[in-house]
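Enquirer: Sequence and predicted structure are below.
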Amino acid sequence: MTLVYYAIQQTVNALSIGSLYALMAVGLAMVFSILRLINFAHGDLMMVAAYLAAFALFANLPLGLAVVLIIIGTVIVGLLMERIAYRPIRGAPDVATLLTSLAVGQILQNGMLLTTRFLGQPIQIAFPTPDVLNGVVAFGSITVPRLNVVSLVIGLIALVSLSFFVTRTVPGLSMRAAAEDLTAAQLMGININRVIALAFAIGSGLAAIAGLLFAVQAGQINPYMGFTPVLKAFIAAVIGGFGSIAGAVVGGFVLGALEVILTALPGIGDILPPGMVSPSTQALLQQWLPSSLTGYRDAFVFAALILMLLFRPNGILGQPNREEMR
Amino acid sequence: MLKIADLHVYYGSIRALNGISFQVNEGELVALIGSNGAGKSTTLKTISGLLRPRQGIVLYEDADITRTAPDRIVALGISHCPEGRRIFGGLTVRENLRLGAVQRRQGADMAADMDWVLSLFPILKERLSQSGGTLSGGEQQMLAIGRALMSRPKLLLLDEPSLGLAPLVVEHIFQIIRQLKQQGKTILLVEQNVHQALDAADRVYVIETGQITLTGTPDELKHNPQVEQSYLGR
C-alpha cells in the first residue's frame, strides 16, 4: 500500500506544481499572443508579489486582506510595466522587445534589491508562511501537504475563471480577436490599448497568486527568485503551443507531471515495500534509477523541451503557423 | 459626409499618397478605382485611423477625424471592411459578427441587426457555429461585410470585396452592395474590378500613384479613352 500512497501524494504534488506553472504560462501566452512579446519580466512580477506578501504578513495584516493587496499591487506594477516600457516600443522588431523585457526584469530585481537594503533586510529573507498553509490534509489514511491542496484548488479556480472570461465575455472575445489579428480587431472598434492592458493586468494577477504560493513552497524569497519560474513557464508554454492559452495550461500540467515523475522515479527501488517486486527487479531499479539521478531533473526537462521542439515545434495544441501552410 | 483634402501618407520614407482630395456625399456609392499599389487601400486605412497622414485632413460630418483613434472612428459611424477580408478564422461566425458590434450592448437591437445581416447572407445562418476559417472565400467575404455592418455604420468602407472570388460570387456580393445603397447606406468602394465598380457606383475617382487623376460619373468614365484603355481593356 505504501506505493499507492506514494503515487497519490506524487499525483497531488504534480497537479499542484502544474497549476503553478500553468498560472505563470498563461500570463506569458496571453501577452505573447497579442504582442508577439516574450515577457521575461513576468517572473519578476511573481517576485514582486512574493515581497509584497512578505511585507504584508510582517505587518500582520489578515491573510485575506493581504492577498487582495498583493494582487492589486502586482497588477499595478504589471500595468506600469506595459505603459512605460512596452507601449512605446510596440511594433518594434522582436529582438528589441525581447531585450526590453530582460531589461525590465533587471530593473525590477535591482529595484527590489535596493528596497530590501533600504529596509535593512538581507538579500534572502525567510517567508513568513501563514499558519493556514502549513501542515497536512488527511484523506482517510493518506496525508498530503496542505499547501499542495491549496495550490491546486486555487490554481484550478483561477484557470476556470480565466477560461470563462476568455470564452464567454465580450472583453475575452476581444482579447482572442486581438490575438488573431490586431489590425482587424482595431477595425471592429476594439480599443487595443485597453485589451493589451487587460492582458497584462490578468497575467499579473495570476502571477501574484503564483508568486505567493511559490514563496510559501520555497520558504524563502530573494530578488532573483523569478528567473527559474519564468523559464519553466516559458517551457510549459512552448510544450503546450506558444501563444495559446489552453496550450499554456496543458503545458503547465505536463511540465509539472514530468518534473514530479523525474523526481519521484529515481530512488523508487529504495522505497518499494518488500515483496512488491522480485528482489532482482528491485536491484535493477536501484541500479538504474538511483536517487542520485534526481539532481539531473532539469537536464531531463530541458532535453524533453528540445525533443518537443524537434518533433512538434508548434506544441501539443499548436497549429502549424500560417507561413508554413502557404 | 466625408471630405478628404490634400492627403499625404508615407510608409516610412516611401510615399503612398501624394495629396489626394475627394468627397463622398450622404447616400452616395463612390468608387475609388486604380491599379495595384496606386494608394486605394492606403486611403481607406487613413480614413479609418490605421494610418496617420503626414499632411492633409479627413473631415467626417464636419468634424476633423485625421488623428482620431480607430475605435473612436468606429464609434462615429465609419466601418471599414478590409482588403483580404481578415475575418477571425479561429473564432466562430457568430463570434465574428458579435465582434462587429463590440462597442454595442447586447440586446434586442443587436439581435435584430444580426437577423438583418443573416437575411442579407442566408448562407451564414447555417454556418453560425462554424469557425470562420472553414468558410469558402465567398462566404468569408459575406461574413466580413456582415461583420462590418454590425456596428450600424453610416459610412461603409469596402476594400476589394471581389478579390479572389468567382464571377458568380462577385455578382452576388455586388447585388448586396447595391441593396445596401438602396437602404440608405453611404459607401466608399475600392475596386480593381472596374466593370463591376462602374456599374454600381454613383461617382468614380481614378487614383494613380497616390493622386486622383480622373473623376466623373460612371457613364463619363466608361467613354473616357484613357479609362477604356487602362482599366476596361478595350
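Expert: Arrived safely, thanks for sending.
Enquirer: Show me which helix runs longest in chain B.
Expert: helix B:167-182 (DSSP state H).
Enquirer: any idea which helix or strand comes after that helix?
Expert: Once helix B:167-182 ends, the next helix or strand along the chain (criterion: DSSP states H and E) is strand B:186-191.
Enquirer: Please point out which parts of the helix or strand containing B:Gly138 sit buried.
Expert: B:Gly138 is part of helix B:137-149, with elements assigned from DSSP H and E. Neighbour counts over helix B:137-149 (16 or more other Cβ atoms under 10 Å in any protein chain shown) mark B:Gly138, B:Glu139, B:Gln140, B:Gln141, B:Met142, B:Leu143, B:Ala144, B:Ile145, B:Gly146, B:Arg147, B:Ala148, B:Leu149 as buried. Every C-beta, even on glycine, is put in place using the N, C-alpha and C of the backbone.
Enquirer: what does stretch B:116-128 give?
Expert: Neighbour-count burial for stretch B:116-128 flags B:Val117, B:Leu118, B:Leu120, B:Phe121, B:Leu124, B:Arg127 (criterion: 16+ other Cβ under 10 Å).
Enquirer: what ranges do the strands span in the chain?
Expert: Reading this off chain A. Shown for chain A, the strands assigned by DSSP state E span residues A:125-126, A:136-139, A:142-145, A:220-221.
Enquirer: switch to chain B, that's the one I care about
Expert: For chain B, the strands defined by DSSP E cover B:2-11, B:14-24, B:29-33, B:55-60, B:63-64, B:78-81, B:155-159, B:186-191, B:203-208, B:211-216.
Enquirer: Adjacent strands (with direction) for the first one?
Expert: Next to strand B:2-11 in the sheet, as set by DSSP bridges, lie strand B:14-24 (antiparallel), strand B:55-60 (antiparallel).
Enquirer: Please name whichever of those strands is nearest to B:Cys81.
Expert: Judged by Cβ to Cβ, the one of the strands paired with strand B:2-11 that comes nearest to B:Cys81 is strand B:14-24, at 15.3 Å.
Enquirer: Can you name the residue of chain A nearest chain B?
Expert: Closest to chain B within chain A is A:Gly189: 3.2 Å, counting by Cβ to the nearest Cβ.
Enquirer: confidence score at the residue lying closest to that residue once chain neighbours are set aside?
Expert: Among residues not flanking A:Gly189 along the chain, B:Val74 sits closest, at 3.2 Å (Cβ to Cβ, 6 or more residues apart in numbering or on different chains). You'll see B:Val74 listed with a pLDDT of 97.
Enquirer: burial measure for B:Val74, as a count.
Expert: 25 (other Cβ atoms under 10 Å in any protein chain shown).
Enquirer: just to revisit the earlier point, what about the residue of chain A closest to chain B? Give its phi and psi, please.
Expert: Main-chain torsions, A:Gly189, degrees, to the nearest 10: phi 100, psi 10.
Enquirer: List the contacts of the nearest residue to A:Pro128 once chain neighbours are set aside.
Expert: Distances taken as Cβ to Cβ, 6+ apart place A:Leu57 nearest to A:Pro128, at 4.4 Å, with adjacent residues excluded. Applying Cβ atoms under 8 Å, 6 or more residues apart in numbering or on different chains, we find A:Leu57 in contact with A:Leu63, A:Ala66, A:Pro128, A:Pro130.
Enquirer: Ranking the strands of chain B by mean neighbour count, which comes first?
Expert: Compared across those, strand B:78-81 shows the largest average neighbour count, a mean of 28 (mean count of other Cβ atoms under 10 Å in any protein chain shown).
Enquirer: B:Leu44 is in contact with B:Leu157, correct?
Expert: Yes. In this structure, B:Leu157 is within contact of B:Leu44 by Cβ atoms under 8 Å, at 4.8 Å.
Enquirer: residues near A:Phe234, how many?
Expert: A:Phe234 has 25 nearby residues by other Cβ under 10 Å.
Enquirer: mind listing the helices in chain A by residue range?
Expert: Using DSSP H, the helices of chain A run over A:2-35, A:42-58, A:63-81, A:94-118, A:146-168, A:170-180, A:182-187, A:192-218, A:227-240, A:245-264, A:268-271, A:279-288, A:297-311, A:322-325.
Enquirer: Of those helices, which is nearest B:Thr66?
Expert: When these are compared for distance to B:Thr66 using Cβ to Cβ, the nearest one is helix A:182-187, at 16.5 Å.
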